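*Asks:* sequence and predicted model, in that order:
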Amino acid sequence: MNQSIRLFSAALALALAGVASAHHSAVQFDFTKQVKYTGVVKEFAAINPHMRMTIEIKDDKGLHTVKFEGHSTNNMYRSGYRKGMVAVGDTITVSAAPYRDGTMGGYVIAAEKPDGQYFGMRSTRAQDAAKAAEETRKTAEGK
Amino acid sequence: MAQSGRVVKTVAGVALAVSAALCAAAEQRPDFTGVWTNAGGPGIGGATNTAPAAPPAMKPEAKARVDAYQKLVAKSGDSPGGWCLGTGMPGSMLGSGGYPMEIIQRPEQITVVYEAHAEVRRIYFGDRNAAEADRVPGRNGYSSGHWEGNTLVVETNNLVDQIDQRNTSHSENATIVERYSFDGKDAQGRQILKAEMTMTDPDFYTAPVKITKRWAQVPNGRVLPYECNEEMWRDRIEKLATEAGVPVP
């Protein structure tokens, strides 16, 4: 992550909650929690105002088709996403703010592929604020 | 003839001097051109939830409308932005959903492009202003600007009723004054642009609503394209395909 992205992320982290709630019905997601799923991409679209992703997850209860939404294309690019990074058939690990009603899936905070390709915002409001403050402090101290 | 020639030369000379003085003044203005992001951080204003220090004194009938609207959307979380409607004033200048903005400054017009919803405000100076009758009402209203020393003063009216503004709902009769000035640098060495907003709305408030917003410059920054309706258009095509019994083309 280069310096400009890092600086932007610090500001973005503080803005995250506002951005999320500015679009659609973010009230259905619990941004104070984080869940993680690994599966195979069935559908993916980097679109505005929210990205969409469907992955197929296999566990001891069987096969689940799980739907996610996430940030705008703009914020995904600022957090490391680039065209072609996610394709149907890819194995992917998704970190998400879960649905409040317990439905599998959620609002994508970050996603990582086995080859290390990654994009992502920070996870929760409290962690965002703490990390952003720490980055600001380090920058101010020239570290 | 000789005398009239001297008069012409004198008038021309004065005109040139005045013109040069005006140019010099224009050149001395602060240049806000560039990309700006929410300054954020403790003590210098929030990112997107910019709000007055104290809740503004709202008239009962206005408060009843705002409360009814907020109750209506509370469960679903719907918002204008969620339906791809631009943020509108003063939300656009107070944060624009956490996205950056670009200012393009010319002497006769300043253009502000907010990345979210690709929202654009045009601030006209002097003769560039449209006649009052030709000013089209809208969520961002009509803005005219002038300079007071190194401070850019922007007055916005011709707004439409917006009970859906976050913290700053208003009627169509609101007037918003913004005062922009440089405000030093932050701990990260970024140039800070301060925007002091005063909204006056006799229909909604018993006193002016004041909020200060700070933006931080992004050197060599770029505002990205933002086409908001992609998701809704995709849904529409999927619905048409389902109804027609065909796969999505």
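*Replies:* The structure has been received and is ready for your questions. Numbers count the residues shown, from 1 in each chain, chains lettered A, B, ... in the order given.
*Asks:* helices and strands of chain A: which one bottoms out on pLDDT?
*Replies:* helix A:3-22 (a mean of 39; mean pLDDT, DSSP states H and E).
*Asks:* quick one: buried residues of the next helix or strand after it?
*Replies:* Using DSSP states H and E, the next helix or strand after helix A:3-22 towards the C-terminus is strand A:35-45. Neighbour-count burial for strand A:35-45 flags A:Y37, A:G39, A:V41, A:F44 (criterion: 16 or more other Cβ atoms under 10 Å in any protein chain shown). In this view, the C-beta of every residue, glycine as well, is placed from N, C-alpha and C.
*Asks:* the lowest-mean-pLDDT helix or strand in chain B: what's the following helix or strand?
*Replies:* One helix or strand of chain B scores below all others by mean pLDDT, DSSP H and E: helix B:2-28, with a mean of 56. Using DSSP H and E, the helix or strand that follows helix B:2-28 towards the C-terminus is strand B:34-38.
*Asks:* same for the helix or strand that that following strand is followed by, what does it pack against?
*Replies:* Using DSSP H and E, the next helix or strand after strand B:34-38 towards the C-terminus is helix B:60-74. Packed against helix B:60-74, as judged by 3 or more Cβ pairs under 8 Å, 6 or more residues apart in numbering or on different chains; DSSP states H and E, are no other helices or strands.
*Asks:* buried residues in helix B:60-74?
*Replies:* B:A62, B:R65, B:V66.
*Asks:* what does it rub up against?
*Replies:* Contacts of helix B:60-74 from elsewhere in the structure, counted by Cβ atoms under 8 Å, 6 or more residues apart in numbering or on different chains, are A:V27, B:M58, B:S79, B:I163, B:D164, B:S169, B:S171, B:D203, B:F204, B:Y205.
*Asks:* how close does the third one get to chain A?
*Replies:* The spacing between B:S79 and chain A, counted by Cβ to the nearest Cβ, to the nearest Å, is 6 Å.
*Asks:* is that residue in a helix, a strand, or coil?
*Replies:* With DSSP: H, G, I helix; E, B strand; the rest coil as the basis, the three-state label of B:S79 is coil.
*Asks:* quick one: low-confidence residue ranges for chain B.
*Replies:* The model of chain B has pLDDT under 70 over residues B:1-27, B:40-51.
*Asks:* dump the residue contacts of the residue nearest the centre of chain B.
*Replies:* Nearest to the geometric centre of chain B sits B:M93, at 4.1 Å (Cα atoms, centre = their mean). Residues near B:M93 by Cβ under 8 Å, 6+ apart: B:V112, B:R121, B:E178, B:A195, B:M197, B:K213.
*Asks:* quick check: which element contains the nearest residue to the fourth one once chain neighbours are set aside?
*Replies:* Distances taken as Cβ to Cβ, 6 or more residues apart in numbering or on different chains place B:K213 nearest to B:A195, at 4.5 Å, with adjacent residues excluded. Per DSSP H and E: B:K213 is located in strand B:209-218.
*Asks:* pairing partners for that strand, with directions?
*Replies:* Within its sheet, strand B:209-218 is paired with strand B:34-38 (antiparallel), strand B:191-200 (antiparallel), according to DSSP bridges.
*Asks:* residues making contact with the last one?
*Replies:* The set of residues external to strand B:191-200 that reach it, using Cβ under 8 Å, 6+ apart, is B:32, B:36, B:39, B:44, B:90, B:93-94, B:168, B:170, B:174-186, B:205, B:208-217.
*Asks:* try it again with 6 Å
*Replies:* B:36, B:39, B:90, B:174-181, B:183-186, B:208-217 (Cβ atoms under 6 Å, 6 or more residues apart in numbering or on different chains).
*Asks:* is it true that A:T38 touches A:T93?
*Replies:* Yes: between A:T38 and A:T93 there is a contact at 4.5 Å, judged by Cβ atoms under 6 Å.
*Asks:* pLDDT below threshold where in chain A?
*Replies:* Low-confidence segments of chain A, defined by pLDDT under 70, are located at A:1-25, A:122-143.
*Asks:* same thing but 50
*Replies:* When residues are selected by pLDDT under 50, those of chain A lie in A:1-23, A:123-129, A:143.
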